[in-house]
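Visitor: Got a predicted structure here, sequence first:
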Amino acid sequence: DPKIIQKPKYLVAVTGSEKILICEQYLGHNAMYWYRQSAKKPLEFMFSYSYQKLMDNQTASSRFQPQSSKKNHLDLQITALKPDDSATYFCASSQKGWGTGQLYFGEGSKLTVL
Amino acid sequence: SQWGEENLQALSIQEGEDVTMNCSYKTYTTVVHWYRQDSGRGPALIILIRSNEREKRSGRLRATLDTSSQSSSLSITAAQCEDTAVYFCAHQSSSFSKLVFGQGTSLSVVP
């Protein structure tokens, strides 16, 4: 059974719309992350959360907003979508949020913006 | 090698050959991770090497870490078709808040 669940697996959106990517982890981990993967920038770090607190944010645009309602949830809201946002978004988790432990990745959510 | 501004590298080898992928990094790190990503899947850790280890082996995989030259390598011995994947190295950031991934090496092993 997958331990990190991302929904939806595929989504298509129109420019200017808003989408929410869902991530739940059942590994009992304390840190969660979002990474983005595209042809231009493989596995680009976006956000890290530890104990539901934002640790690091490398996303310049405020259009990307992580939302952590529970310790094992870290959703990603993307507003005013642009074609350049087209990518696969990976959620990951680790036991500790110190950047040294193993990351466990979900299967990704592939977003296409038309 | 990975990191820097290089694009995703591609390697194609024949089954049974050995292959080595290299990484170099600029910031201090105490650990280097190597991940493998199969097509359509998320990356998965295959080997992790810490600064007090110069070499680490796992089956046909061998990782090295040279902290003086800030470089790491991953070798696969007697590659098999199922080793076809993209391989990423990753190191901790200076703030310890995230892992920074290299550009990746796309390895294709053909019969």
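Guide: That came through, no problem. Residues are numbered from 1 along each chain as shown, chains lettered A, B, ... in the order given.

Visitor: where exactly do the strands run in chain A?
Guide: A:4-7, A:10-13, A:19-25, A:31-37, A:44-50, A:53-57, A:64-67, A:75-78, A:87-94, A:104-105, A:109-113 (DSSP state E).

Visitor: Get me the contact residues on chain B for chain A.
Guide: Residues of chain B lying close to chain A (C-beta under 8 Å from any C-beta of the partner chain) are B:8, B:30-31, B:33, B:35, B:40-45, B:48, B:86, B:88, B:90, B:92-93, B:95-101, B:103-104. Just so you know, the C-beta spots here come from the backbone N, C-alpha and C atoms, and that holds for glycine as well.

Visitor: and if we set it to 7 Å?
Guide: B:8, B:30-31, B:41-45, B:48, B:88, B:92-93, B:95-101, B:103-104 (C-beta under 7 Å from any C-beta of the partner chain).

Visitor: Just want the residue of chain B that's nearest chain A.
Guide: Closest residue of chain B to chain A, C-beta to the nearest C-beta: residue B:42 (3.2 Å).

Visitor: check contacts around that residue.
Guide: The neighbourhood of residue B:42, defined by C-beta atoms under 7 Å, 6 or more residues apart in numbering or on different chains, consists of A:90, A:105, A:106, A:107, A:108.

Visitor: quick one: least confident helix or strand in chain B?
Guide: Across the helices and strands of chain B, mean pLDDT, DSSP states H and E gives its lowest value to strand B:99-101, namely a mean of 89.

Visitor: contacts for that one?
Guide: A:42, A:43, A:45, A:99, A:103, B:33, B:88, B:90, B:91, B:92, B:93.

Visitor: Run a quick neighbour tally on the residue nearest to the first one when sequence neighbours are not counted.
Guide: Read it as residue A:42. Spatial nearest neighbour of residue A:42, excluding adjacent residues (C-beta to C-beta, 6 or more residues apart in numbering or on different chains): residue B:104 at 4.8 Å. A count of neighbours around residue B:104, defined by other C-beta atoms under 10 Å in any protein chain shown, yields 24.
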